[in-house]
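Asker: Build the 3D model from these lines:
(chains A and B)
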Amino acid sequence: MPKRAARTHHPRGTAPVVALAALALLAAGCVPGTDGSAAGGGTAGGATAIPDPAKAGKVTLTVWDQEIRGGTNAEVEQLNKEFQRAYPNVRVKRVARGFTDLKATLKLAVSGNNPPDVVQANQGYPDMVAFVRAGLLAPLDNYAGIYDWNTRYPTTLLNHNRVSADGRRFGTGRLYGISQTGEFVGLYYNKDLLAKSGLRPPRTWGEFTDQLARLRSDGRLPIQLGNLDKYPAIHTFGVLQSQAGAAPVRDLVFGRAGRFDTRQTKDAAATLADWRRRGYLPKGANGLGYDDAAKKFASGDGAYLITGTWQLADLKKAMGDNLGLMPPPPATAGGPPVSTGGQGLAWSITSRSKHPEVAAAYLDFLTSEHAADVMTRHGVLPAVPGKAAARVPRTSVDGQMLDTWRRLNDADALVPYLDYATPTFYDTLSEGLQGVIAGAQSPERFAATAQRDYAAFMAEQREGDRDAAAGPGPQRDGR
Amino acid sequence: MKGAPRGPARLIGRRYARRAPGEPRAVGYLYVLPALALYGALLIFPFGQSVWLSLLHWDGLTAATWAGGDNYHDLLTDPELRAPFAHALILLVFYSALPVAIGLLLAALLSRARVRGMTFFRTVLFLPQVLALVVVGVTWRSILAPDGLLNDTLEAVGLAALTRPWLGDYDWALPAVGIVGTWVSTGLCMVLFLAGAQRIPRELYEAARLDGAGPIREFLAVTLPGLRPQIAVALTLTIVAGLRNFDLIYITTSGGPGNATSVPAYEVYHRAFETNQVGSAAAIGVTLTLLIFVLTVGISRLVEGRRT
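Answerer: Now for the predicted structure:
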């Protein structure tokens, strides 16, 4: 056993190891970035007139986005090509990654020495707000004025991309990005299955819930749901919760007022649990993947599917004319619909970009009326639909999507994603809702757990306000 | 290394030339220097950085603040942080204990009976080790789906009452993920033990049989002690793999349902990249490293019977 001999040889062998470890620890004392050196300037672009990228000389614009799905990918590719044709001196270097991959690497990229010029930042505290607090994104209010974004976009949508100047609040303050696409959570339905049970798309919420019972007694699965990936139930729950009123939920998410453990929350959670108990949702919802559930719905398993417009292209490919889409039906027939939704990830300019004006022109191009028409042709929902949208037949599923989007915006009835509320709300909600669906957590306990998370963050925010008021802190983040 | 040493090595070599052969010489450190430099730069130094980070509150972007032992204190007091470690220890039963036990059983059976097509069985059982864990995760996710292969099979044999959404069931998700680990590791253990069993002298078995030992007695008296070094290796490898387990959880359950399958390695990723709690993530990582270190050293002492 030569191994044993070698080992017993050095009783003092531990001393160098300890010394080495101590040395490594000392040397590691300076982990790059922990002193906040990664933070950038955060100055507003000083432009006063419409920038002309043609005069910018030779420019390479590095763009990081996550639009890798069919329609959106094609639409971005085409617009990039057109932008480069319009400005031959500009080269757009596109880096496209999936949502989670982008999320994991973006923080390192924007805080590095050579950040991309344009990035797609996810709204909410963990990403966009954190970047703004570190001064890594450039405010766009100037450009919003120059390019008329303020009038072109609904205020509710622009607000989702705002962060307060101190980088602590979300939904108010300066504009840090502009979104290309709109999205909302709607009711997809299988026309065949509804017809087989003698049903038509419901006009009221009451009619909808009656239909669920009917479908169930006919031996059909009323609502398809796959919640293994944890987040889908947040959307289902959001729709249920918002039916009892959009305004209070919106105030809650943006931290303006209210509590989370209200009747509204508990009732919505109770409905979800009830649907599961009555068999309106599949028995194994917590064990079924989100994409698998969409595939099952597309192949005729489930009369309804409650999810976002991002699924439309894939569902349409499989179901054709058999697919319908409608908003959650209102309480009274003909009333305004309410649903969870907002817009795609914001396109933002990094504060250390060397070509902020070219980047701004690029953002304007991506969100222009022409871009909206390109998006419509690729089956993507533009945040502000253009002329091409009017030519889409109203009865087609794309027409239904555009029509619903218009109605939701006209009624100002979009409720933001609930997980925007606190930095940890995604975990709190997704874990809690899995429990509610499994019957392992009562609606009361779910509401109480969510409120605990919410109250803790609100207290933290108030404390930050007091610190900020008490005196000029040495640092931006004042912590 | 028989060639005459050159340069500084020769100088040092001359200095120690009069020592008795076999005595440790400082020149040894020179030989390990290149490897040590690489190891230090790529492993020890980053580990030191992680230790440093674990003593800070840092969101990854703005200036960090000193946390001292806060992050470690949270590990002990916060149930959200204790749970992943508890899950990891439970998973060790599936990732380490079961594979070693099954591997021993298979090795004992296969080495006694001359099986036709032995190479084939060995390859098939070893195959999971060769597959990327992502592939394994995706495959098992579909097997364990509500209408996946497992539930279909149960229904076909009349056990419909047992079917459940395995990965979405609060009680069964952890064992379900564990079984995947057992499936992955068993082949490795078996191949290790088979190789080890071939090196046990045949005479020992003959002697045992002459003394009237049955198959069980023979296994306990000859095979098991003979396989001690292999068991130590198998335990070490599977424990390390089990505690580091990230890919399978990431692919199959993302720590759900609720947090029923959250494990430390997944928590490190989640906190560092998704919720901007870099200090806390580093504290979990450092603790996990120490846990692996203590367990593996303990195993090699206990099973292999080493002593300093």
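
Asker: just checking, what packs against the helix or strand where A:R462 lies?
Answerer: Using DSSP states H and E, A:R462 maps to helix A:443-470. Where contact means 3 or more Cβ pairs under 8 Å, 6 or more residues apart in numbering or on different chains; DSSP states H and E, helix A:443-470 is packed against helix A:263-277, helix A:425-438. (Each C-beta comes from the backbone N, C-alpha and C, glycine too.)

Asker: who's in contact with the first one?
Answerer: Counting by Cβ atoms under 8 Å, 6 or more residues apart in numbering or on different chains, helix A:263-277 makes contact with A:212, A:222-223, A:233, A:236-237, A:240-241, A:243-245, A:248-249, A:281, A:285, A:433, A:436-437, A:439, A:443-444, A:446-447, A:450, all of which sit outside it.

Asker: So how do I select the buried members of the residues you listed in ChimeraX?
Answerer: Applying 16 or more other Cβ atoms under 10 Å in any protein chain shown to the contacts of helix A:263-277, the buried members can be selected in ChimeraX as follows:
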select /A:212,222,223,233,236,237,240,241,243,244,248,249,281,285,433,436,437,443,446,447,450
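
Asker: Residue numbers of the stretch 101-250 of chain B in contact with chain A?
Answerer: B:R141, B:L144, B:A145, B:P146, B:D147, B:R164, B:P165, B:W166, B:L167, B:G168, B:D169, B:Y170 (Cβ under 8 Å from any Cβ of the partner chain).

Asker: Which two of these have the greatest separation?
Answerer: Pairwise distances among those were taken by Cβ to Cβ; the largest, 19.9 Å, belongs to B:D147 and B:Y170.

Asker: Give the next helix or strand downstream of the lowest-mean-pLDDT helix or strand in chain B.
Answerer: The weakest-scoring helix or strand in chain B, judged by mean pLDDT, DSSP states H and E, is helix B:7-15 (a mean of 58). For helix B:7-15, the succeeding helix or strand toward the C-terminus, using DSSP H and E, is helix B:27-39.

Asker: Mind listing what's buried along that following helix?
Answerer: B:V27.

Asker: show me where the stretch 201-308 of chain B has helices.
Answerer: Ranges of helices in the stretch 201-308 of chain B, per DSSP state H, counting those that start in this stretch, are B:202-210, B:215-218, B:224-226, B:228-244, B:247-252, B:264-269, B:278-304.

Asker: For those, state which one has the densest average packing.
Answerer: Per-stretch averages of neighbours, counted by mean count of other Cβ atoms under 10 Å in any protein chain shown, single out helix B:264-269 among those, with a mean of 22.

Asker: avg pLDDT for that one?
Answerer: For helix B:264-269, mean pLDDT rounds to 95.

Asker: what's the domain layout of the chain?
Answerer: Using chain A. The record's domain split for chain A, according to automatic domain parsing, is A:53-181+A:344-391, A:184-342+A:416-462.

Asker: My question was about chain B, not that one.
Answerer: Listed by automatic domain parsing, the domain ranges of chain B are B:7-54, B:70-304.

Asker: closest to A:H370 out of those?
Answerer: Closest approach to A:H370 among the domains of chain B (Cβ to Cβ): domain B:70-304, 36.1 Å.

Asker: How far away from the center of its chain is that closest one?
Answerer: Taking Cα atoms, centre = their mean, to the nearest Å, one finds domain B:70-304 lying 8 Å from the centre of the chain it belongs to.

Asker: First-to-last residue distance for that domain?
Answerer: 38 Å (Cα to Cα, to the nearest Å).

Asker: In contact with residue 281, which residues are there?
Answerer: You didn't pick a chain, so chain A it is. With contact taken as Cβ under 8 Å, 6+ apart, A:L281 is in contact with A:P222, A:I223, A:L225, A:L272, A:W275, A:I437.

Asker: ah, no, chain B please
Answerer: Counting by Cβ under 8 Å, 6+ apart, B:A281 makes contact with B:E267, B:V268, B:Y269, B:H270, B:R271, B:A272.

Asker: Swap in 6 Å and give it another go.
Answerer: B:V268, B:R271, B:A272 (Cβ atoms under 6 Å, 6 or more residues apart in numbering or on different chains).

Asker: quick one: it and A:T48, what's the gap?
Answerer: Going from B:A281 to A:T48 by Cβ to Cβ, to the nearest Å gives 44 Å.

Asker: now swap in B:A195 and tell me
Answerer: Taking Cβ to Cβ, one finds B:A195 at 77 Å from A:T48.

Asker: And for B:Y29?
Answerer: Counting by Cβ to Cβ, the gap from B:Y29 to A:T48 is 67 Å.

Asker: if we take the contacts of A:L281, which one ends up nearest to chain B?
Answerer: A:I437 (8.4 Å; Cβ to the nearest Cβ).

Asker: what number of residues lie near the residue of the stretch 101-250 of chain A found nearest chain B?
Answerer: Using Cβ to the nearest Cβ, the closest approach of the stretch 101-250 of chain A to chain B is made by A:A134 at 3.6 Å. The tally of other residues near A:A134 (other Cβ atoms under 10 Å in any protein chain shown) stands at 26.

Asker: List phi and psi for it.
Answerer: Main-chain dihedrals, A:A134, degrees, to the nearest 10: phi -80, psi 0.

Asker: Find the nearest non-adjacent residue to it, please.
Answerer: B:L61 (3.6 Å; Cβ to Cβ, 6 or more residues apart in numbering or on different chains).

Asker: Within the helices and strands, which one has that neighbour?
Answerer: Counting by DSSP H and E, B:L61 is part of no helix or strand.

Asker: Wait, it touches A:R133, no?
Answerer: No: using Cβ atoms under 6 Å, B:L61 makes no contact with A:R133, being 7.2 Å away.

Asker: From B:G168, how far out is A:A233?
Answerer: 11 Å.

Asker: what does B:S111 give?
Answerer: 41 Å.

Asker: ok, the two, which is more surrounded?
Answerer: B:G168 (29 against 19).

Asker: ok, residues contacting stretch A:240-251?
Answerer: Contacts for stretch A:240-251 (Cβ under 6 Å, 6+ apart): A:A257, A:G258, A:Q264, A:A268, A:T271, A:V338, A:A413, A:V415.

Asker: what about it, start to end distance?
Answerer: Start-to-end, stretch A:240-251 (Cα to Cα) is 17 Å.
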